[in-house]
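Have a look at this fold, sequence not included:
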């Protein structure tokens, strides 16, 4: 693996699962293993013959199996022995493949110079269907010119990309030679318990099949790869993984894939992360078609911390705080507002802000979903009709206004200066808000800056009070003691954001 690829596995750079480095472990059914071994004995070993013609374009349905794998003799309560893990490894290894990718160097891509700029990197994947469908990580095959896979019994085949999704760091490959290939059954990552034993199989540093064991350390990790993937809900494990493991399977003690390993934190001495397999199960049919279609709620959300819960007079720190409602989107049409807290989305409880984006994106275009939550201390219930996610979100960028003379002041403890919004200022800077306090200065590293308030924003409401001038905002801010969060509704272009700067001294 190239140095640049290896560094992607570390936090600070992080492998893109999408972001995301996926290590997936796999299992096969015992009767099929015997059949596959017999079939392999009848075939010549070594590199495969040239590619045969594609065996049709039909996509199997279902594209994966949940059939129980071979009996491992293990359960979550089974005493762990070396023999137990050895038996598990024999069951799951046949479906795991090593992936070798040839691609252009990044600098060659940027300059357009392809002469002599090809490099090779390695990763891992596993068969999910016997006709040659392989699940792996997006970043493993991103920009690939050629993909070569090697099976556990040392046969080599060329593969092509069927579908890619950078937002989940998942990719589906297709080997077009005749099968059948051994497959790994997919389990239920939602049913996974913290503390369960898991096994990872991968291709670390190009060394070939490597098996490691550990436990599930945590679930629902969301801050592993900031900015890398849109949908992050990782399984954390201490099963040792390294660069090259990306795309390999994370398997439970019964030999079912419950995650695709994706990221390593080097400073943490072997803590790794995996994309939940239930996320992959939802996307596999779309990946096979080569097109991902996501539904859209039309909001951005933030975490409900204990401080946020106290500021909003909530009885517990749970749910997703609506920070922004996109104009004309499904949420706005359903009556949702910035500052609402969503606690249920359809049949799903929203425990934290990370739960909602994936549920909204995967529910389905045209679906009607009941949303429940709280607004200003009262119960909230609305029905949204999800639409297709726009290719580009409309964002309004306003010119940064110079500080106007008069009618302005510094908000002590919030790290910003504001001015009363006048008709002249609205016209000059093409602002959509009709009244409020115009932000004319934001102190770098201050409370306002930390929550994303910008010069040109207009504060239109604080707590539950409308803001009509800089003086009214200053008066409202004084009501909050140092250390508390100050609820602000902020107009940015045609959007209303709900932000909570923590008041300093």
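Perfect, I can see it now. On a predicted model such as this, the values are computed, not experimentally measured, just so you know. Numbers count the residues shown, from 1 in each chain.

Do you have the strands of the stretch 251-400 of the chain handy? List them.
257-265, 271-276, 295-296, 299-303, 320-325, 341-345, 348-349, 368-375, 378-385, 387-388 (DSSP state E, counting those that start in this stretch).

strands paired with the last one, and their directions?
It stands for strand 387-388. Strand 387-388 sits in its sheet next to strand 295-296 (antiparallel), going by DSSP bridges.

Now do the partner strand: everything it contacts.
Outside strand 295-296, the residues that touch it by CB atoms under 8 Å, 6 or more residues apart in numbering are 329-330, 360-367, 386-390. Where you see a C-beta, it was placed from the backbone N, CA and C, and this is true even at glycine.

Could you do stretch 378-387 as well?
Outside stretch 378-387, the residues that reach it (CB under 8 Å, 6+ apart) are 295-298, 329-331, 333-336, 340-341, 360, 363-374.

6 Å instead?
295-296, 330, 334-336, 340, 363, 367-374 (CB atoms under 6 Å, 6 or more residues apart in numbering).

Can you flag the buried ones in the residues you listed?
Applying 16 or more other CB atoms under 10 Å to these, the neighbour count classes 295, 296, 330, 334, 336, 340, 363, 369, 371, 372, 373, 374 as buried.

Now the first one. Nearest residue, chain neighbours left out?
Looking back up the chat, that one is residue 295. Distances taken as CB to CB, 6 or more residues apart in numbering put residue 386 closest to residue 295, at 3.9 Å, once the chain neighbours are dropped.

Just give the number of residues close to the one you found.
22 (other CB atoms under 10 Å).

tell me the phi and psi of it?
Dihedral pair for residue 386: phi -70, psi 140, per degrees, to the nearest 10.

burial measure for residue 425, as a count.
When neighbours are counted by other CB under 10 Å, residue 425 registers 18.

tell me the contacts of residue 344?
residue 372.

Next one: it from residue 184, what distance?
Separation of residue 344 from residue 184 (CB to CB, to the nearest Å): 34 Å.

Also residue 194?
Distance from residue 194 to residue 184, by CB to CB: 23 Å.

Any regions of the stretch 301-450 of the chain where pLDDT drops low?
Flagging of the stretch 301-450 of the chain using pLDDT under 70 yields the residue ranges 392-409.

how about 50 then?
Applying pLDDT under 50 to the stretch 301-450 of the chain flags the ranges 393-406.

same question, the chain
If you take pLDDT under 50 as the line, the chain has these spans: 1-56, 225-228, 393-406.

give me the number of residues near residue 455?
Using other CB under 10 Å, the number of residues around residue 455 comes to 18.

Would you tell me which of the strands of the stretch 251-400 of the chain gets closest to residue 127?
Taking CB to CB, strand 257-265 is the member of those nearest to residue 127, at 10.7 Å.

returning to that earlier point: compare residue 194 and residue 184 and say which is more crowded by neighbours.
Neighbour count, other CB under 10 Å: between residue 194 and residue 184, residue 184 has more, with 31 against 11.

Need the contact partners of stretch 467-477.
Contacts of stretch 467-477 (CB under 6 Å, 6+ apart): 407-409, 411, 418-420, 435-437, 459-462, 465, 486.

Likewise for stretch 350-360?
With contact meaning CB under 6 Å, 6+ apart, stretch 350-360 is reached by 222, 231, 233, 297, 301-303, 318-320, 342-343, 345, 348.

can I get those in a markdown table with neighbour count?
Putting those into a markdown table (neighbours: other CB atoms under 10 Å) gives the following:
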| residue | neighbour count |
| --- | --- |
| 222 | 17 |
| 231 | 23 |
| 233 | 20 |
| 297 | 28 |
| 301 | 24 |
| 302 | 18 |
| 303 | 15 |
| 318 | 15 |
| 319 | 29 |
| 320 | 27 |
| 342 | 26 |
| 343 | 20 |
| 345 | 22 |
| 348 | 13 |
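
Could I get those residues in a markdown table, plus columns for distance to residue 135?
Converted to a markdown table, those look like this (distance: CB to CB, whole Å):
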| residue | distance to residue 135 |
| --- | --- |
| 222 | 22 |
| 231 | 16 |
| 233 | 17 |
| 297 | 27 |
| 301 | 29 |
| 302 | 32 |
| 303 | 31 |
| 318 | 33 |
| 319 | 32 |
| 320 | 29 |
| 342 | 31 |
| 343 | 33 |
| 345 | 27 |
| 348 | 24 |
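
Would you state the helices of this structure in chain order?
Assigned by DSSP state H, the helices in the chain fall at 3-8, 30-41, 82-92, 106-111, 138-141, 277-289, 306-311, 330-333, 355-362, 423-429, 447-450, 470-478.

For residue 100, which non-adjacent residue is spatially closest?
That would be residue 148: by CB to CB, 6+ apart, it lies 4.5 Å from residue 100.

Near the one you found, how many residues? Count them for me, please.
Residues lying near residue 148 (other CB under 10 Å) number 19.

Likewise for residue 313?
Neighbours around residue 313, by other CB under 10 Å: 10.

quick one: it and residue 375 touch, right?
No - taking contacts as CB atoms under 6 Å, residue 313 lies outside contact range of residue 375: 10.9 Å.

the domain parsing of the protein - what is it?
1-52+61-287, 295-388, 408-499 (automatic domain parsing).

among those domains, which is the most enclosed?
domain 1-52+61-287 (a mean of 21; mean count of other CB atoms under 10 Å).

if I look at the residue nearest the centre of the chain, how far off is residue 170?
With distances taken as CA atoms, centre = their mean, the residue of the chain nearest its centroid is residue 231 (2.4 Å). Here the criterion is CB to CB. By it, residue 231 lies 10 Å from residue 170.

For residue 434, which non-adjacent residue is closest in space?
residue 426 (7.4 Å).

try residue 218
residue 236 (4.1 Å).

Ok, residue 151 next?
residue 97 is the one closest to residue 151 (CB to CB, 6+ apart), at 5.5 Å.

Identify the residues contacting that neighbour.
125, 149, 151 are the contacts of residue 97 under CB under 6 Å, 6+ apart.

Recalculate using a threshold of 10 Å.
Each residue near residue 97 by CB atoms under 10 Å, 6 or more residues apart in numbering is listed here: 26, 123-127, 134, 136, 148-152, 155-157, 159, 173, 175, 181, 203, 209, 247-248.

And residue 129, by the same measure?
So residue 129 contacts 59-60, 62-65, 135, 172, 174, 179-181, 183, 284, 288 (CB under 10 Å, 6+ apart).

so of those, which ones are in strands?
Mapping the contacts of residue 129 onto strands (DSSP state E) picks out 135, 172, 174.

Could you double-check that the first one sits in contact with residue 279?
In this case it means residue 135. No - checked against CB atoms under 10 Å, the pair residue 135 and residue 279 is beyond contact range at 11.3 Å.

Of the ones in strands among the contacts of residue 129, just say which sits nearest to residue 261.
Distance to residue 261, by CB to CB, is smallest for residue 135 among those, at 11.8 Å.
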